[in-house]
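A.B. asks: What shape does this take:
(chains A, B and C, ligands or ions: 5)
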Amino acid sequence: MTKIVFKNIDKPEQYKIENYIKNGGYQGLAKTLKEYKPADIIEMVKKSGLRGRGGAGFPTGLKWGFIPKDSKKPKYLCVNADESEPGTFKDREIMEKDPHISIEGAIIASYAIGANVCFYYIRGEFVLCAQRIQKAIEEAYDKGYLGKNILGSGYNLDMYLYRGAGAYICGEETALLESLEGKRGLARVKPPFPAVEGLYKSPTVVNNVETLANVPDIVLKGADWFLSIGTAKSPGTKIFSLSGHINKPGNYELDMGTPLRHLIYDLGGGIKDNRKLKAIIPGGPSVPILTEEHLDVKLDFESLVQAGTMLGSGGVIVMDETTCMVKTALILMNFFKHESCGKCTPCREGTVWLYDILYRLEHGEGKKEDIDLLLKVCENIGGRTICALGDAAIVPVQSTIKYFREEYIAHVENRGCLTPFKFQLN
Amino acid sequence: MVKINVDGKPVEVEEGQTVLQAALKLGIYCPTFCWHEKLEPIGACRICLVEIEKSPKLAVSCITKAMEGMNVHVSSPKAIDGRKGVMEMLLVNHPLDCPTCDKGGECDLQDVAYYVKNDRSRFGEPKRRFLTSARSTFDEKQIGPLMYLTMNRCIACFKCVRMLKEVAGEYDLGAFGRGVFTEIDVVKDQPITNEFSGNTVEICPVGCLTSKPFRYAVRTWLTQKKSSVCGFCSDGCNLTLWVGGDKIFRATSRKNDAVDEGWICDKGRYGYDIVNHSDRIKTPLIKKNGKLEPATWEETFDLISNKIKETKDKFGPDAFAGIGSARCSNEDNYLFQKFFRTVVGTNNIDHRVAFKRLLPSPSSSSIENLYTMTNSIEELEKTKMIVVIGCDITSEHPIIGLRIKKAVNNYATPLVLINSKKTKLNAWAKTEILPKFGTEVALINSLCNAALNQKADQGFKDWVKTYSPQKVSEITGVEANAISKLAEEISSAERCIFLLGRDVLSHPQNQELIDAVYNLAHLTGALNKPHSGVNLLWEYNNSQGALDMGVLPDRLPGLTPLNQADYLQNVEKVWQSKISTKPGFNIHQILDGIDKGEVKFLYVMEENLVSNYPDRKYAQAVLAKAAFSVVQEIFLSETAQRATVVLPAASFAEKEGTFTSVERRVQKFQRGVRPQNQSKPDWQIISMLALWMDYENFNYDSTEKISTEIFSLVPSYLGLDYKKLGNNGAQWNGFVSKKEAMTYSLKKTDLKPIQSEQGYPFILTTGNLVHHCGTLSGYSENLNLVVNESFCEMNQQDAEKLGIKTNDEIWLESASGKIKTKAKLSSNLQPGMVFVPINFKELEVNLLMDKDNLVDWIKISKV
Amino acid sequence: MILSEKTQKKILAEKNKYPQPKTAILPALYAVYEEFGYLSNETMKETGELLNIPFLEIVEVASFYTMFPKKPTGKYFLQVCTNLSCALLGAEDLVKHLEEKLKVKTGQVTPDGVFSIGRVECLGSCGTAPMLQVNNLHFQEDLTKEKVDKLLEELKKS
Ligand SMILES: Cc1cc2nc3c(=O)[nH]c(=O)nc-3n(C[C@H](O)[C@H](O)[C@H](O)COP(=O)(O)O)c2cc1C
Ligand code: SF4
Ligand code: SF4
Ligand code: FES
Ligand code: FES
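C.D. replies: Ligands and ions are numbered 1, 2, ... in the order given. Have a look, this model is predicted:
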């Protein structure tokens, strides 16, 4: 397995700039400023095939290329460190243990798109991350990696740490921009895309922390090197956050295309207490669940789509045989209804509706028709909302019904749940 | 242009226009909730979903740009299904309390539900509720003096909040929380009172925001809609009056893009209730033994006509005087002056009662003598710089204020404010300059000095050089480099519009100040450039019309001098009467004439002389001396109370006619309701009186007949057609349109410093409050819910020195009189200045004024 | 001003830091929250005055984000993550345990004002579930009953 983002993650006090530099840090930036024009960097990243690690998997170089070259407006880079997708905690580990790798990536990206201001938007609850990033930014200023005339190149960049304050939707790129503008974090209709009209109506790129953390090595080692890792269409590595009923939870950086079974059984040590596996959410609850039959699916963008799900954020949640699927859907729907920004009708109203039905089912007041009604309501949300939160919200319902319809029926017939979550606190 | 197909029909729209606009252009209906023509689209409600071929998802038409070759389907099964789905979602938490909802019959949600035709919901859960009661209709809360909120009905289109923020720049209604608990509300201790608040009620698609005066007053389908024009300020907003029987239930906007763009201020929206006020004069009144007693119209006409004959026989025509009104229609004013010039035979008429120092009567001899708005409201969007001088725009001209905000927000037009006090518009201003009161002329001269160029001859140059920035800085208190900087900005502006308001018109050096601004405009080129120019903003709904109609001692209709032979001939022919060419008395001369006993007969048409004349004691004394006085009024004003005969007049809503707005726009208004009680339209009273006296050429049986006469006689109104005035009215241009070829000669306008008065350290200034206009709006119970109490605004430091705090009772005292009011401390006023609103008849502010003293000096003491 | 001088300074330091003034709202609210532990109308009004931004806009923004309580919480606000990964490993039991130990329900404050309990969505500690967060500041992870009891003891003492 290749390590790119996590290559130094366990080195002692890697978060300090002297250690980061000692372990080869900021060489990508130095090389960038010395050898490349912004357009070269965009070209290189395009060629590398790097795709966004924030959930949507959009080709990163292509996104940078959308920034209009002739616009007189200022340009902005926003680092998306709002990591709030349940089951996902990879960006947190990067920020806590190796903050500079993401900052170096962000500086290179800013240079590539011609930004002189970069916002590092961290979800408010990540206090240690904010401290580490703040410190790292200060250190980078001290060493001349940020500020005026970076490394004598004439390029200027200011970076601000910005803390969110408890809103999952602010991880959605346009809501993040609204939040940065000092407004309520309501998602915007796209187009216009941020690359054309983003922060303060100016061209803006929003990138995930992990995405950016890949950039220094791509510059240093070249696009071809990156292409040689992972699969042809999903090059590179991906960090998977493993949680739930698993023996060894945690973050694992894997080459794209690694089989799911390897992650769960070889690295994750298998299911807790040797129980049977029931379901896996492979990329955060915004993506459909998989079951035991899918254990051999390869973890990359294309293979997961083929298996009927998506790579998403890489948050892998493992559920054993004791897990009630209605309750699972209910917990997740509670999350989505709580996090809906409320701007567009189907998501605002629909998530609550779905929650109400699931609640009844779980608590013994379900009717047989409710199961089809759930699906109908999902249909009425999907594809009709402003942002992908609406599309995501229906996924847990649709996919649990798809694989476990009989469990829903049992909830109706038995007037409630027979397998409530068993786990007790030790 | 982009070509697309909607439901198979081809249509061309401009680049950047949306699919919705394309559909609308074709007349294809597509429902909308969150979309509003004048607001940035946000694509939130999703009801406007349409199908676009080759696109996997349905698209929201209100925000999707039309692209060449698109095939859009509004009526395809997929699109219909999508909208059905959204509608079902919108009704999930909506209370569906339509039977008891005040919005019933005009609710967009009802209408779209009807259109979508989905009669069942699959939703069976308890509905979200914001307040405790399960009954949603009366689960409401008052959020301002004139507004209620029934949050359960909100569909979160955010139009209310967007309108206030985007258009008005007001922050007293907001959206809070998130998700299904997104709430529209006010914040603690801050009820919604901004002057555009009523627009939110009007654009709310459901019954969430309702107006206190209108709710549960009537079902809308039981009312009739009448096209009207606002009768308060001069901006000329178009109104729809909703009437039933003899009652006006409400006023809403009637979009006129040239004027108001569909937004109206709360004076216009809520002030209609003066019409049905119970204090209206009910019958003609004749004074008997010092008391006004009800009489019949016949009795009064008999009395007046006899008195006219008698007086004329005994004392000749110049023993008469008439005061017309800036509130009455063109037709009223036209007949009024025609009556005086023909039936009576005098030019003793005027209407400019509030000004101590009268400007010369406007004339069309040259642009600077027109004393009018030479640009249009729309042009504010096209100019490159706006300079406001002597005007609290938001209070005096709310709708012009909105256009200025739009110019600043959308086109980044720099705005300059030159006022003796800070005004609300300063949040939009690039520069705010606060010269000391009375020194404005020096400031403008100094700007001219800095802007000198070859247009000025040596004489002017030498003279204006004496107004160096340093010297003027000392005089005005404005920093020298601020003056130079501003001069530079104005000179380099590609186009520039100057707006001169109330404080210029009533300034002790009003004429010099206007001329000085013309000098500046000339030097900087603003006089000749397109979308540039100098604009005087008259105050009332028909101030311009009263001037145009010749209610002036030395002007025939059309701002024509009395002795302009060819025109005079023409007029005499039409009026079938000889007309005196001897200029008559102006307003001050009229009062002096009565005082001296020369004027025996005074006729006042809808003008509250006692309240508005800048010397109350004098006005009262003079009225007491008048041998015979007729006052035609809506309410028994202080002036009417002193009359020999009082005639009940109809308000703007009870008659039809035309008003000429501040931008010279002649606009027709329909009659809303029958004249209340026994009142009659002013023009009708005059025409009946003339007929009573056998003047057959006063045989007007409709307003149209008068308008037609005006439009065929009055130069600037020639060619207008009463029938074709249409929805947008028409601007008279006359001289104004030839602006580009204008010549102008610079005038030397010297500063005459104002003299202080021993023992009276404060300068009194007056004006309108945002929610009022003149004394008339003081009768509006609706508007009085917002503000109904007078006050004296004074500078904080001044107050502290006198030990005065906000709401303390204080005496204001001048050499002429003394009044009591409450203090309001403010940092907007400069030291030594006070401001008192003119809107409340209880506070007789003109008791402090002396007509012979151009500045009103007062002293203040705690009660 | 109710805001301490230190907080006022912090807010003013944010005021002109960003390309546009409203961006300072959230950082300013953090400063207020750090001083008081919640946002009141009065403190938000003062924030608006310092930033020269309408009070209403401050409240609008504050109302959207869940991290700022709008009324006082206990001195220690214990928020238990009840999202999926934590729920799979006993989050509900954790809430129950806290409620029993502190004798208050979720959403309430203990009579001595020391503790209050709340629920929160996933905090990115799923790999170390179950977890709770103290005052939006400290994560307590890999919780067991014993650990929770010890935590309560320690907090009570400090
Ligand atoms: C509801 C919602 C929440 C999201 N949350 C995050 C997040 O926490 N972090 C993130 O990087 N991207 C998140 N995204 C994806 C972003 O919108 C965006 O695609 C991403 O930041 C782009 O970065 P990338 O191209 O580097 O992946 C979210 C998207 C949605 C719809
Ligand atoms: S889908 Fe949900 S979160 Fe996204 S814009 Fe609509 S309401 Fe907001
Ligand atoms: S109150 Fe009315 S206008 Fe405002 S958001 Fe709700 S429905 Fe829309
Ligand atoms: S009208 Fe188009 S989304 Fe609301
Ligand atoms: S689910 Fe509890 S921290 Fe993620």
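A.B. asks: Low-confidence regions, chain B specifically.
C.D. replies: B:132-134, B:734-741 (pLDDT under 70).
A.B. asks: Contact partners for the residue nearest to the spatial centre of chain B?
C.D. replies: The residue lying closest to the centre of chain B (C-alpha atoms, centre = their mean) is residue B:233, at 2.3 Å. Counting by C-beta atoms under 8 Å, 6 or more residues apart in numbering or on different chains, residue B:233 makes contact with B:267, B:396-399, B:539-541, B:662, B:768, B:773. C-beta here means a position set from N, CA and C on the backbone, and glycine is covered the same way.
A.B. asks: Mind telling me which residue of the stretch 101-250 of chain A is nearest chain B?
C.D. replies: Residue nearest to chain B within the stretch 101-250 of chain A: residue A:189 (3.8 Å; C-beta to the nearest C-beta).
A.B. asks: How much space separates that residue from residue A:55?
C.D. replies: 19 Å (C-beta to C-beta, to the nearest Å).
A.B. asks: Could you check how far the residue of the stretch 101-250 of chain A closest to chain B is from ligand 1?
C.D. replies: Remark: distance between residue A:189 and ligand 1 (C-beta to the nearest ligand atom, to the nearest Å) = 13 Å.
A.B. asks: Would you verify that that residue is located in a strand?
C.D. replies: No: the assignment for residue A:189 by DSSP: H, G, I helix; E, B strand; the rest coil gives coil, which leaves it out of any strand.
A.B. asks: Can you tell me how far the closest residue to it other than its chain neighbours is from residue B:487?
C.D. replies: Distances taken as C-beta to C-beta, 6 or more residues apart in numbering or on different chains place residue B:43 nearest to residue A:189, at 3.8 Å, with adjacent residues excluded. To residue B:487, residue B:43 is 46 Å away according to C-beta to C-beta.
A.B. asks: the domain parsing of chain C - what is it?
C.D. replies: C:5-64, C:76-157 (automatic domain parsing).
A.B. asks: between these, which gets nearest to ligand 3?
C.D. replies: Each of those was scored for nearness to ligand 3 using C-beta to the nearest ligand atom, and the closest is domain C:5-64 (13.0 Å).
A.B. asks: Longest helix in chain B, by number of residues?
C.D. replies: helix B:297-315 (DSSP state H).
A.B. asks: Now do that helix: which elements does it pack against?
C.D. replies: strand B:285-288, strand B:320-323, strand B:601-605, strand B:628-633, strand B:645-648, helix B:682-692 (3 or more C-beta pairs under 8 Å, 6 or more residues apart in numbering or on different chains; DSSP states H and E).
A.B. asks: can you pull the alpha-carbon coordinates of the fourth one into CSV?
C.D. replies: The C-alpha atoms that make up strand B:628-633 are tabulated as CSV, following Å, rounded to 0.1, in the frame of the first residue of the first chain:
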residue,chain,number,x,y,z
PHE,B,628,-65.5,87.2,3.7
SER,B,629,-63.7,83.9,3.3
VAL,B,630,-64.5,80.7,1.7
VAL,B,631,-62.6,77.5,2.6
GLN,B,632,-63.1,74.4,0.6
GLU,B,633,-61.7,71.5,2.6
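A.B. asks: can I get the helices and strands packed on helix B:297-315 in CSV with mean neighbour count?
C.D. replies: Listed next are those as CSV, based on neighbours: other C-beta atoms under 10 Å in any protein chain shown:
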stretch, mean neighbour count
strand B:285-288, 17
strand B:320-323, 27
strand B:601-605, 27
strand B:628-633, 25
strand B:645-648, 26
helix B:682-692, 23
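A.B. asks: how about the strands in the chain?
C.D. replies: This is for chain A. A:76-81, A:117-122, A:158-163, A:204-208, A:237-244, A:250-255, A:258-259, A:277-281, A:290-291, A:298-299, A:315-320 (DSSP state E).
A.B. asks: Not quite, go with chain C.
C.D. replies: C:76-81, C:115-120, C:132-134, C:138-140.
A.B. asks: Residue A:132 is nearest to which of those strands?
C.D. replies: Closest approach to residue A:132 among the strands of chain C (C-beta to C-beta): strand C:138-140, 14.0 Å.
A.B. asks: Any residue of the closest one touching chain A?
C.D. replies: Yes: applying C-beta under 8 Å from any C-beta of the partner chain, one finds strand C:138-140 touching chain A at C:138-139.
A.B. asks: which other helices and strands contact that strand?
C.D. replies: So strand C:138-140, by 3+ C-beta pairs under 8 Å, 6+ apart, packs with strand C:132-134, helix C:145-157.
A.B. asks: quick one, which of those is packed in tightest?
C.D. replies: strand C:132-134 (a mean of 21; mean count of other C-beta atoms under 10 Å in any protein chain shown).
A.B. asks: Sheet partners, orientation included, of that one?
C.D. replies: Its sheet considered, strand C:132-134 pairs with strand C:76-81 (antiparallel), strand C:138-140 (antiparallel) by DSSP bridges.
A.B. asks: Turn the ones you listed into CSV, columns for distance to ligand 2, mean pLDDT and mean neighbour count.
C.D. replies: Output for the strands paired with strand C:132-134, formatted as CSV (distance: least, C-beta to the nearest ligand atom, whole Å; pLDDT from 0 to 100; neighbours: other C-beta atoms under 10 Å in any protein chain shown):
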stretch, distance to ligand 2, mean pLDDT, mean neighbour count
strand C:76-81, 21, 97, 24
strand C:138-140, 26, 95, 16
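A.B. asks: Compile those strands into JSON lines and extend it with columns for distance to residue B:388.
C.D. replies: Formatted as JSON lines, these follow (distance: least, C-beta to C-beta, whole Å):
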{"stretch": "strand C:76-81", "distance to residue B:388": "52"}
{"stretch": "strand C:138-140", "distance to residue B:388": "56"}
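A.B. asks: In TSV, list the ones you listed along with distance to ligand 3.
C.D. replies: Supplementary listing: the strands paired with strand C:132-134 in TSV, determined by distance: least, C-beta to the nearest ligand atom, whole Å:
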stretch	distance to ligand 3
strand C:76-81	31
strand C:138-140	38
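A.B. asks: Between those, which one is closest to residue C:65.
C.D. replies: It's strand C:76-81; of the strands paired with strand C:132-134, that one is closest to residue C:65 (C-beta to C-beta) at 14.1 Å.
A.B. asks: how about the residue of the stretch 201-350 of chain B found nearest ligand 2, what does it touch?
C.D. replies: Using C-beta to the nearest ligand atom, the single residue of the stretch 201-350 of chain B nearest to ligand 2 is residue B:205, 18.1 Å away. Residue B:205 makes contact with B:33, B:107-109, B:155, B:157, B:159, according to C-beta under 8 Å, 6+ apart.
A.B. asks: Residue B:624 contacts residue B:644, correct?
C.D. replies: No: in this structure residue B:624 lies outside contact range of residue B:644 using C-beta atoms under 8 Å: 11.2 Å.
A.B. asks: Who has more neighbours out of residue A:189 and residue A:55?
C.D. replies: A count of neighbours by other C-beta atoms under 10 Å in any protein chain shown puts residue A:55 above the other of residue A:189 and residue A:55, at 24 against 18.
A.B. asks: From residue A:296, how far off is the more buried one?
C.D. replies: In terms of C-beta to C-beta, residue A:55 sits 24 Å off from residue A:296.
A.B. asks: Likewise for residue B:445?
C.D. replies: From residue B:445 over to residue A:296 (counting by C-beta to C-beta), the distance is 89 Å.
A.B. asks: Can you pick out the residue with more neighbours from those two?
C.D. replies: residue B:445 (26 against 11).
A.B. asks: so who does the more buried one touch?
C.D. replies: B:464, B:467, B:472, B:516, B:519, B:749, B:751.
A.B. asks: Excluding chain neighbours, what is closest to it?
C.D. replies: residue B:467 (3.9 Å).
A.B. asks: can you pull the contacts of the one you found?
C.D. replies: Contacts of residue B:467 by C-beta under 8 Å, 6+ apart are B:442, B:445-446, B:448-449.
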